[in-house]
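> Got a predicted model here, sequence first, then my questions.
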Amino acid sequence: MKIYGDYHTHTYFSDGHGSIEENLAAARERGLDAVAISDHGFNNPARFSLTREKADKQREILDVEREKYPDLKVYHAIEADIISLDGDIDMRSDDYAGFDYVLAGFHRFARPVSGKDFRKLYLPAYFSAVIKPSRDVVARNTRAFCEMIRRFPVAILAHINDMVITDVREVAKCAADYGTYLEINMKHIKIMTRALDGILATDVGLIANTDAHIPGKVGDFSALAGLVSACPEIAGRIANAAPGEINFRKFR
Ligand SMILES: [Zn+2]
Ligand SMILES: [Zn+2]
């Protein structure tokens, strides 16, 4: 199955191992029409995340690089973090204008808003692989993600149910209402397989992304084949399985 754009890749500006230049070259090599540089958000430890200064440096590099690839659509995005039970993310209101769109998801090292958010959102997430989250925890997580989607212009919800377990159907419904895409993350295909029923019960849009942390993985969608053969109807729901520009949720 051909995927035309990779809307989630990392570089050494956060925890990736390649440069912007290498990711773009890899995208070209794979024959993609579009690629995004989307490093980790501001509340992660600075060594592994964007700072506002690093984001400015990326913009300078991207301005030069875009000239070299007139037929490759190059996006500058950010992978923000959900950092509270109220759905807060680590973006200031004046940060949005600098990016083409925002992905958001849970990342365990991102600094939470408060101790309460750490205890109620982060702690159950740390143990979710070994201790099945209670119904209360799932309800609270679901509320947090829906609030995030309602309050902020999140274009793509990254790797749903990675560590923070939600009611996928509820979150997908909320995402559909607000025009937020749900990501099929190549590094979390198993989670996606389990989430399929919930997703297919809604009309949420889907985007397949590699979440590449090395240039060699940019545009490598080989992991998608298994999911699509197990559930062929998913194919028609994947926005970047068709050519053309994606209509990302706009900032207010
Ligand atoms: Zn992530
Ligand atoms: Zn990522």
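Arrived safely. Ligands and ions are numbered 1, 2, ... in the order given.

> mind listing the helices for the stretch 51-200 of the chain?
52-68, 115-117, 123-126, 135-151, 168-178, 189-200 (DSSP state H, counting those that start in this stretch).

> Could you tell me the angle between the last one and helix 168-178?
The one in question is helix 189-200. 60 degrees (axes from the mean of the first three to the mean of the last three Cα atoms, to 10 degrees).

> And the strands in this protein, which stretches?
In the chain, the segments counted as strands under DSSP state E are 5-6, 34-40, 73-81, 101-105, 156-157, 181-185, 206-209.

> need the contact list for residue 139.
residue 167 (Cβ atoms under 8 Å, 6 or more residues apart in numbering). Any C-beta I mention is one placed from the backbone N, CA and C, and that applies to glycine too.

> got it, and residue 245?
34, 73.

> related to what we said a few turns ago, out of the strands of the chain, nearest to ligand 2?
strand 73-81 (4.7 Å; Cβ to the ion).

> What separation do you get for the residue of the stretch 151-252 of the chain found nearest ligand 1 and residue 119?
Residue nearest to ligand 1 within the stretch 151-252 of the chain: residue 158 (4.9 Å; Cβ to the ion). The spacing between residue 158 and residue 119, counted by Cβ to Cβ, to the nearest Å, is 23 Å.

> Just want to know which of the two has more residues nearby.
residue 158 (27 against 12; other Cβ atoms under 10 Å).

> List the contacts of the residue nearest to the more buried one when sequence neighbours are not counted.
Once flanking residues are discounted, residue 158 sits nearest to residue 105: 3.3 Å by Cβ to Cβ, 6 or more residues apart in numbering. Contacts for residue 105 (Cβ under 8 Å, 6+ apart) come out as 79, 81, 82, 157, 158, 159, 160, 162, 183.
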